[in-house]
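A.B. asks: Kindly return the folded structure for what I paste below:
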Amino acid sequence: MGYVKCWIHYVWATKRRAPLLEKNIRQKVFNHIKENGQKKNIHIDSVNGYSEHAHALVSLRPEQSISEVAQLMKGESSYWINKNKLIRHSFEWQDDYFAVSVSESAVNAVRSYINTQEEHHRKETFEEEYDELMKRYGFELIRG
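C.D. replies: Below you'll find the model as predicted:
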């Protein structure tokens, strides 16, 4: 058996980036994502976000893929939101997501960034944050 540590920072948004995750709702959703991750053997270190998006810091297991974990977090949580009628209308996450690897030396900084999303978004919109992340990691070259 090998020893594997592969940290991934995920970011995903609500459908059409609609601001549906009010403060009382998003805490329930993020707690549920973390609890469900434990049941599915996904190590979700941190999960947080704002009214139209979520961030998660995940340590992947050797048998897990980035896309599989994204689908489990997004798909199950939207099902749970709808089943529990947390939002008046049908809830969906956008199909796409952002995922980048995180070096061990940056884990604490990413964790802090995720855990302070509310404060962060007093100064910067999600659109600005997303564009900055896309540029920082070279994704604007892919989607451009």
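A.B. asks: hey, where'd the strands end up in the protein?
C.D. replies: Counting by DSSP state E, the segments of the chain that form strands are 6-13, 43-50, 53-60, 98-102.
A.B. asks: For the protein, give me the ranges with low pLDDT.
C.D. replies: For the chain, the stretches with pLDDT under 70 are 1, 141-144.
A.B. asks: one more time with 50, if that's ok
C.D. replies: 144 (pLDDT under 50).
A.B. asks: residue contacts, the residue nearest to residue 92 when sequence neighbours are not counted?
C.D. replies: Spatially, and ignoring its direct neighbours in sequence, residue 92 is nearest to residue 15 (4.1 Å; Cβ to Cβ, 6 or more residues apart in numbering). In short, each C-beta sits where N, CA and C put it, glycine included. By Cβ atoms under 8 Å, 6 or more residues apart in numbering, the contact set of residue 15 is 91-94.
A.B. asks: Tabulate the CA atom coordinates of stretch 35-51 in CSV.
C.D. replies: Only the C-alpha atoms of stretch 35-51 are listed here, as CSV (Å, rounded to 0.1, in the frame of the first residue of the first chain):
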residue,chain,number,x,y,z
GLU,A,35,-21.4,15.1,7.1
ASN,A,36,-22.3,13.3,3.9
GLY,A,37,-18.7,13.3,2.9
GLN,A,38,-17.8,11.4,6.1
LYS,A,39,-20.5,8.8,5.2
LYS,A,40,-19.1,8.4,1.7
ASN,A,41,-15.4,8.3,2.9
ILE,A,42,-14.6,11.6,1.4
HIS,A,43,-12.2,13.7,3.6
ILE,A,44,-13.7,17.2,3.4
ASP,A,45,-11.4,19.3,5.5
SER,A,46,-13.2,22.6,4.9
VAL,A,47,-16.4,23.6,3.2
ASN,A,48,-17.9,27.1,3.1
GLY,A,49,-19.0,29.7,0.6
TYR,A,50,-21.4,32.5,0.0
SER,A,51,-24.9,33.1,-1.4
